[in-house]
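Asker: Here's a sequence, model it:
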Amino acid sequence: MSRGVVVLVLLLLAACSSPQSAEPFTPTALPSPTTTTPAGTVATTTTSSRVRVTAPPAGNPNGGAPVPPEAAAVDTTRPTRVIGDGTPAGCTSQAVVAAVAQGGIITFDCGFDPITITMTVTAQVRNDAVQDVVLDGGGLVTLSGAGQRRILYQNTCDETLGITTSHCQDQDHPRLTIQNITLVDGNSIGATEGGGAVFVRGGRVKVVNSTFVRNKCDQNGPDLGGAGMRVLSQSANQPVFVVGSTFDGGTCANGGALSSIGVSWVVLNSLLRNNSAIGHGANPARAGTPGGGSGGAIYADGNTFTVRIAGSIVEDNKANEGGGAVFFVSNDRTGTMAVESSTLRRNSSAGFETPGYKGIFFLGAANPSVIGSTIQ
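Answerer: Model (predicted):
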């Protein structure tokens, strides 16, 4: 072998054995899967050599109800603040509480695997925050109340959160959006009104592509409720939108998933199942009873308001009193209810329901409107 060839071989060997400098890895937003993932499976998305695991889709994946622009998810590609530093260690209860109090578009950077953040205190929306609050878990984040506390709280009439108007019961801010996140094991037992995972009074709130599991509130009471959400006094009587979301296994005196007084709901392409109204005595409470037990999934009371369920499944909910699926009472008989392209099935009302509307107790302007739906 000539001297020139020997030198060339040595240079090649040195090149192969020398460590290569690597570019630092910077987490970026992953593309959405290009295929539809059936419910009950786990989707994976691959970027470079890393695999990101995402949860099954929330809501009713077969729901086809149109979603109006105001009910759509908020664009979070340019967040105001990011919780985490790319590792699970950076995603803490304290960080969530601080971010929610400051407001703005909030996202998470906790790594590529699903993470559960156990809340040590309830995150509270400030009424005097300059920006609205958008909490986006990116399909990877679960906030847990650990069976001990509420997870999110907004109340425009709570002086400790800043009073910003003279009409706290009707103001257009703050606005809370909960999207692409799971809220689990919230508990408001002993607190006022209900709202096991989320309590909102005033401003606006909407929920998109999110999952609520095993939340609970007080077991008895004639008019408290909402193991998943309790909502009061929305601005200008505008509706609460629940889009592509799941409420599963909630328990409360009334409204195992959703509860309100004088508030309208639009539930689109969602799944409400296995929720229970566990109170006893109805509303007003019968003599000798603590009251409650109505609206296995949804409890809606008040005067003029509406409930619209479209593209959704409401199944296997139960009420100890009335309305295994939905309890709807418009006291002045002006409220209306519509069920469109939906399935309501196996919802048990142990006490009472409206004849011909299995699982529904309804008092309003006219019988519920049912279009392209199954109620059985």
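
Asker: rest of the way, CA atoms for contacts and neighbours
Answerer: Noted.

Asker: and residue 370, bridged to which residues?
Answerer: Partner residues in beta bridges with residue 370: residue 339, with DSSP bridges as the criterion.

Asker: Quick one: residues contacting it.
Answerer: Residues in contact with residue 370, defined by Cα atoms under 8 Å, 6 or more residues apart in numbering, are 338-340.

Asker: Quick check on the residues you listed: which are buried?
Answerer: Neighbour-count burial within the contacts of residue 370 applies to 339-340; the criterion is 16 or more other Cα atoms under 10 Å.

Asker: Find the least confident helix or strand in the chain, judged by mean pLDDT.
Answerer: The element with the least model confidence among the helices and strands of the chain, by mean pLDDT, DSSP states H and E, is strand 43-47, at a mean of 34.

Asker: gap between the two ends of stretch 192-210?
Answerer: Taking Cα to Cα, to the nearest Å, the span from the opening residue of stretch 192-210 to its closing residue is 25 Å.

Asker: Also stretch 254-274?
Answerer: Stretch 254-274 has an end-to-end distance of 14 Å (Cα to Cα).

Asker: ok so, going back, sort out which one of the contacts of residue 370 lies nearest residue 74 for me.
Answerer: Within those, distances to residue 74 taken as Cα to Cα reach their minimum at residue 340, with 25.2 Å.

Asker: The closest one contacts residue 371, correct?
Answerer: Yes - using Cα atoms under 8 Å, residue 340 is in contact with residue 371, at 4.8 Å.

Asker: ok so, going back, between the contacts of residue 370, which sits nearest residue 304?
Answerer: residue 338 (14.4 Å).

Asker: How about the contacts made by the closest one?
Answerer: Applying Cα under 8 Å, 6+ apart, we find residue 338 in contact with 307-309, 368-371.

Asker: now do residue 363
Answerer: Residue 363 makes contact with 328-331, 333, according to Cα under 8 Å, 6+ apart.

Asker: List only buried entries from those.
Answerer: Judged by neighbour count, with 16+ other Cα under 10 Å as the criterion, the buried members of the contacts of residue 363 are 328-330, 333.

Asker: Compile the residues you listed into TSV and extend it with columns for secondary structure.
Answerer: Formatted as TSV, the buried ones among the contacts of residue 363 follow (DSSP: H, G, I helix; E, B strand; the rest coil):
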residue	secondary structure
328	strand
329	strand
330	strand
333	coil
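
Asker: Widest-spaced pair of the residues you listed?
Answerer: With Cα to Cα as the measure, no two of those lie farther apart than 328 and 333, at 10.4 Å.

Asker: any shared contact partners between these two?
Answerer: With contacts taken as Cα under 8 Å, 6+ apart, residue 328 and residue 333 have 363-364 as neighbours in common.

Asker: For residue 280, see how far away residue 351 is.
Answerer: When distance is defined by Cα to Cα, residue 351 is 10 Å away from residue 280.

Asker: brain fart, residue 86
Answerer: 48 Å.

Asker: which of the two has more neighbours?
Answerer: In this view residue 86 and residue 280 are compared by other Cα atoms under 10 Å, and residue 280 has more residues nearby, 25 against 16.

Asker: any weak-confidence spans in this protein?
Answerer: Applying pLDDT under 70 to the chain picks out residues 1-56, 130.

Asker: and if we set it to 90?
Answerer: Where the chain drops to pLDDT under 90, the residues are 1-57, 127-131, 157-173, 191-193, 223, 235-236.

Asker: Kindly export stretch 62-74 (C-alpha atoms) in PDB.
Answerer: The C-alpha coordinates for stretch 62-74 follow below in PDB (Å, rounded to 0.1, in the frame of the first residue of the first chain):
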ATOM      1  CA  ASN A  62     -69.000  10.900  14.700                       C
ATOM      2  CA  GLY A  63     -70.900  14.100  15.500                       C
ATOM      3  CA  GLY A  64     -71.400  16.300  12.500                       C
ATOM      4  CA  ALA A  65     -73.100  19.400  14.000                       C
ATOM      5  CA  PRO A  66     -71.600  22.600  12.500                       C
ATOM      6  CA  VAL A  67     -69.500  24.600  14.900                       C
ATOM      7  CA  PRO A  68     -70.000  28.400  14.700                       C
ATOM      8  CA  PRO A  69     -66.800  30.500  14.700                       C
ATOM      9  CA  GLU A  70     -67.400  31.800  18.200                       C
ATOM     10  CA  ALA A  71     -67.500  28.200  19.500                       C
ATOM     11  CA  ALA A  72     -64.300  27.100  17.800                       C
ATOM     12  CA  ALA A  73     -61.000  26.500  19.500                       C
ATOM     13  CA  VAL A  74     -58.800  29.600  20.000                       C
END
